[in-house]
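**Student:** build me a model from this:
(one chain, ligands or ions: 1)
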Amino acid sequence: MNPIATVREFRATVKAAVARARARTHAATLGRPGVLGAVLRVLVAVLAFVLGHSWMLVQATFAWAGRHLPLSVFGLVLASLLWFGLEVSGWPGSAVTGPVIVWALFWSPGLVLGLWAAVAPGAYRRSRLRAWYVRRWLTGTPARWGRKGSEAVGTASGLGVRQPDGGVLVPGIKVRFSPGAAVLRLNVVVGQTVDDIVRAASRIATAYGAHGHELRPVKPGVVDLVLFHVARLAARTAVMPAEFSGAASVGVIPAGVRRDGQSLDLIVRGRHTLVVGATGAGKGSVLWSVAGNLAPAVYAGYVRLWGVDLKQGIEVETGRALFGQVAYKAADAVAVLETLVQIMNERGDLMRGISRNHTPTPDAPLHVLVVDELADLMAYSEFKHKNEAERLLSKLLTQGRALGVVVLGCVQNPRQEALGGTRGLWPQKIALRLDSEVETDMVLGTAAPLAPAHDIPADIQPGGISGTAGTAYLVTEDGTPTLCRFDYWPDRLIHAVANRYPAPAYTDTPAPAPVADAASAWLAAGGHLPALEDAPANPGPDDDGPANDNPANDAAPSERPKRKRSARKSTRNRRPADATAQAVDTGTTEQETSS
Ligand SMILES: Nc1ncnc2c1ncn2[C@@H]1O[C@H](COP(=O)(O)OP(=O)(O)OP(=O)(O)O)[C@@H](O)[C@H]1O
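**Tutor:** Got it, this is the predicted structure:
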């Protein structure tokens, strides 16, 4: 027999077997399954189910065991000793049954918890019990969480009030746990103010080893001190917003995630919002979270977006179809402001004596003006423009909110010269990463101690992108700060949203020309702008966004962005003089920016 022929024959047999196996696997997993394929799929589903639920059982049981370490270790040691004794003594029956029963008796609460977690994993995850058992992240000893312990921490942190009889009265503290946080409810004692608690808060948080804290007023004299174990918030990519669901939801947008894991619902209606952040801090995420999430309402006619972007329109032009009117030059920006002031005045005339709060309708929509870099308008433009802009913007900021005209202004530098006289006129503030404590003070005022935006780390990743971009303190009108992370809006998603929910053709302004300027020309040249029908619902895995753990996104890319800043970004950070030198003709005419 020819050995070479034998080897060839053997190789051919192996190849044929592999090809058959591949074909079967393909049929069983991706193609139309035969009987074997169907059985395989069922088996895989059952296995996944069993493994998933067993994992929950193990997780919950061991969480319990971790919290009750002495008892659980004692049970294990006793069971092991029993097994050893039975083995050594040559016990005639099973040497395993007895020890397992002993172990199960000691671990029974954990096993019950585990069974519950396996049967109802969702309920277990949301439960306070789980929060309690997985609160090991806080370094405070268990005793510290008891009433006496927490009150001792309060006293040591300076919350005690000395009484005439020499005793010390401490605020009553009740502790409860929620996923990701422990909440201390403090009842202020006579002689104390909430300010005393504010002053002691960071000492208490440090005593518990918390990564951050927030104070939430409950009622006069009662404050919740929330201690967080989460050091940083994971990046999420935004998803295509759902269809317009009714006038009631206009102006409240799901913009990201809060530190306690809840959705960040940003209120835009009736609030002017100032967004401040160092370069690369993620102001674009805030801008598009607002513009992108308002898109369905824009499409339905309940909201009208106006854009001012003196950084050559690079940001706003990415989603141009969402905006009724845009301005990329200072003169046009002033014209937009004039138009809005006029709308506001006319609306005031109509509403006077009838209503004190505007309700958006398709006939009288909520006007939202988005300004990408306020300093370009308020500080770096010609004197006549910046003066006029400051005057008009101040009018909008002082009168617009009740009349349904609100402003979202972004700025890198919160100093006086960048904001003119408007700095104190923004009721809602979003402080992304800032360069210094002085800047945090400037933006947030009295809320600054509870919202240290300058402490948000830059965490520069390869490619120069910040690993914490989009992380911010949102300080609402009542001064409550919330650490949150805004969703990332990749260019492709912005295009897709703009294509799916374009603004109606407003009769008082011409429709945007498709490729009218350098920014659009760049988009066209890049070939990124998908055709209307091709627009993906969500950015695909090849998209250049950050890691996506947004549960709503079914096309979640699983890696951190590897991209360098996109062309949209690459031109955004030019200095003003530079920007003027490279100014492009945006094609925006006086006529376009005044109605
Ligand atoms: N929410 C986010 N999650 C993760 N990464 C983000 C997020 N927002 C932005 N980034 C990343 O950070 C980069 C810079 O973001 P962005 O351009 O929005 O910052 P910026 O504050 O507007 O900067 P500049 O003021 O210089 O224009 C983005 O290109 C993106 O890679």
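**Student:** tell me who's in contact with residue 446.
**Tutor:** Neighbour list for residue 446: residue 479 [criterion: CB atoms under 8 Å, 6 or more residues apart in numbering]. For the C-beta atoms, the positions are set from N, CA and C on the backbone; glycine is no exception.
**Student:** helix, strand or coil: sort out it for me.
**Tutor:** Using DSSP: H, G, I helix; E, B strand; the rest coil, the three-state assignment for residue 446 comes out as helix.
**Student:** tell me the pLDDT at it?
**Tutor:** According to the prediction, residue 446 has pLDDT 82.
**Student:** what about this protein, any weak spots by pLDDT?
**Tutor:** 1, 27-33, 126, 128-150, 166-168, 179-180, 230-231, 462-465, 509-595 (pLDDT under 70).
**Student:** which residue is it, in it, that comes closest to the ligand?
**Tutor:** The chain approaches the ligand most closely through residue 470 (2.2 Å), counting by CB to the nearest ligand atom.
**Student:** OK, contacts around the nearest residue to that residue once chain neighbours are set aside?
**Tutor:** Residue nearest to residue 470 in three dimensions, not counting chain neighbours: residue 282, with 3.8 Å by CB to CB, 6 or more residues apart in numbering. Applying CB under 8 Å, 6+ apart to residue 282 gives the contacts 432-433, 466, 469-472, 486, 488.
**Student:** now for these: which two are most distant?
**Tutor:** 433 and 488 (14.8 Å; CB to CB).
**Student:** helix/strand/coil for residue 484?
**Tutor:** Following three-state DSSP, we place residue 484 in the strand state.
**Student:** now swap in residue 254 and tell me
**Tutor:** strand.
**Student:** quick one: contacts for it?
**Tutor:** 263-266, 293.
**Student:** which one (most neighbours) among those?
**Tutor:** residue 266 (24 neighbours; other CB atoms under 10 Å).
**Student:** bridging residues for that residue?
**Tutor:** residue 253 (DSSP bridges).
**Student:** so which residues of the stretch 101-250 of the chain form helices?
**Tutor:** 108-119, 121-126, 128-133, 142-145, 147-154, 194-207 (DSSP state H, counting those that start in this stretch).
**Student:** could those helices go into a markdown table alongside distance to the ligand and mean neighbour count?
**Tutor:** Shown next, in a markdown table, are the helices of the stretch 101-250 of the chain (distance: least, CB to the nearest ligand atom, whole Å; neighbours: other CB atoms under 10 Å):
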| stretch | distance to the ligand | mean neighbour count |
| --- | --- | --- |
| helix 108-119 | 31 | 18 |
| helix 121-126 | 24 | 14 |
| helix 128-133 | 26 | 17 |
| helix 142-145 | 34 | 14 |
| helix 147-154 | 35 | 18 |
| helix 194-207 | 26 | 18 |
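**Student:** closest one to residue 63 among the ones you listed?
**Tutor:** helix 128-133 (4.1 Å).
**Student:** for the stretch 1-150 of the chain, what lies in contact range of the ligand?
**Tutor:** Neighbours of the ligand within the stretch 1-150 of the chain, by CB under 6 Å from any ligand atom: none found.
**Student:** quick one: the strands in the stretch 1-150 of the chain?
**Tutor:** Under the criterion DSSP state E, counting those that start in this stretch, the stretch 1-150 of the chain contains no strands.
**Student:** give me the domain ranges for this structure.
**Tutor:** 45-119, 123-228, 247-500, 528-540+577-595 (automatic domain parsing).
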